[in-house]
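J.: pasted the sequence and its predicted model underneath.
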Amino acid sequence: MTDLIQIDYQALTFMIVGAFGLVGFFRGWWKEAITTGLLTLLLLMLKEPAIATRITLFMDRIVDTVWDLIQSLRQTSEFVASAVEVGPPPDVDPRRYWVYVITLVVLVVASYFIGKTGLTQHGLSAGARLLGAILGFYNGFVTISLVREFVIGRFLPGAPAFAATATPPSTLSIQVVNMPEGSIADPPTVYFLIGIGLLLFIIALSSGWKFQRAKISRKVPPLHKTPPPKSKGATVEFEVVPKK
């Protein structure tokens, strides 16, 4: 007997967008803008299959190089030999959705680590938190929309004009309902989202770093607060009175 699990796409979207918005409220607008910029790269890959093919082929060459290095280490390390089996390297195929889903997860995680550099000591104003929540909502919407398009695969390289991937036979089936007919990759929506992402990414870079000749330094972005200098503590002085 096959169990059927129905997932309401709209409810799932609200949950993910809400979670991203909450995280954005605590992170602030600058860190969320970095995430927006990296998500824009995936939007470009989704809209332009030629760009996606070039990037995935470049990733495939990196995987092959790393795999050759690991295979060479098998000859000198018993631990590597026992952990890694002999075989061909993973194939980074631009026509497979899992390549883009993994790339999406890596970019989102990377954006969180990039956002931590140099801003951990700065406070957030109410405006920075509010804009961070708004950008978090936006990033959550783009993320869930990208996952949907990658799984369906209708805009991936080599796909026909419209095609949905068939669900493989399994004892557990998942049915997604209430999916919108429109796509995030449909013009002019995709161009508007790409424009917003690029603009926010440029603003985040220019407001978070100083570029002076060959020197790059950090600066406090707008709506972020510089904490007051730490006090070294009160100094207590004792006066020694000699005995008469």
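T.: Received, thanks. Computed from a predicted model, the values in this text were never measured in an experiment.
J.: from now on I want contacts and neighbour counts done on CA atoms only, so please keep to that.
T.: OK.
J.: which element is the residue most central in space within the chain on?
T.: Nearest residue to the geometric centre of the chain (CA atoms, centre = their mean): Val108, 1.6 Å. Element membership for Val108, per DSSP states H and E: helix 97-116.
J.: related to what we said a few turns ago, now the residue nearest to the centre of the chain. Nearest residue, chain neighbours left out?
T.: On the basis of CA to CA, 6 or more residues apart in numbering, the spatially nearest residue to Val108 that is not a chain neighbour turns out to be Thr35, at 6.3 Å.
J.: which helix or strand contains that neighbour?
T.: Going by DSSP H and E, Thr35 is part of helix 29-47.
J.: so what touches that helix?
T.: 24, 51-52, 100, 104, 107-108, 111-112, 114-116, 128-133, 135-136, 139, 142-143, 146, 155-156, 185, 190, 193-194, 197-198, 200-201, 204, 208, 221 (CA atoms under 8 Å, 6 or more residues apart in numbering).
J.: switch the cut-off to 7 Å
T.: 24, 51-52, 107-108, 111, 115, 128-129, 131-132, 135-136, 139, 155-156, 185, 194, 197-198, 200-201, 204 (CA atoms under 7 Å, 6 or more residues apart in numbering).
J.: and the residue nearest to Val108, how many neighbours?
T.: 25 (other CA atoms under 10 Å).
J.: ok, now how distant is it from Leu42?
T.: 11 Å (CA to CA, to the nearest Å).
J.: run through the protein and note the low-pLDDT ranges.
T.: Filtered on pLDDT under 70, the chain yields the residue ranges 1-5, 74-87, 90, 115, 117-122, 159-176, 226-244.
J.: could you pull out the strands in it for me?
T.: 3-8, 123-124, 172-177, 209-212, 215-218, 224-225 (DSSP state E).
J.: which elements pack onto the second one?
T.: Using 3 or more CA pairs under 7 Å, 6 or more residues apart in numbering; DSSP states H and E as the contact test, the elements touching strand 123-124 are strand 224-225.
J.: gap between Ala126 and Trp29?
T.: 11 Å.
J.: looking at the two, which has the bigger crowd around it?
T.: More crowded of Ala126 and Trp29, by other CA under 10 Å: Trp29, with 28 against 13.
J.: any idea how far the more buried one is from His224?
T.: 9 Å.
J.: what is in contact with those two at once?
T.: Ala128.
J.: relative to Pro49, how far out is Trp29?
T.: 30 Å.
J.: go on, Met59?
T.: For Met59 relative to Pro49 (CA to CA), the value is 15 Å.
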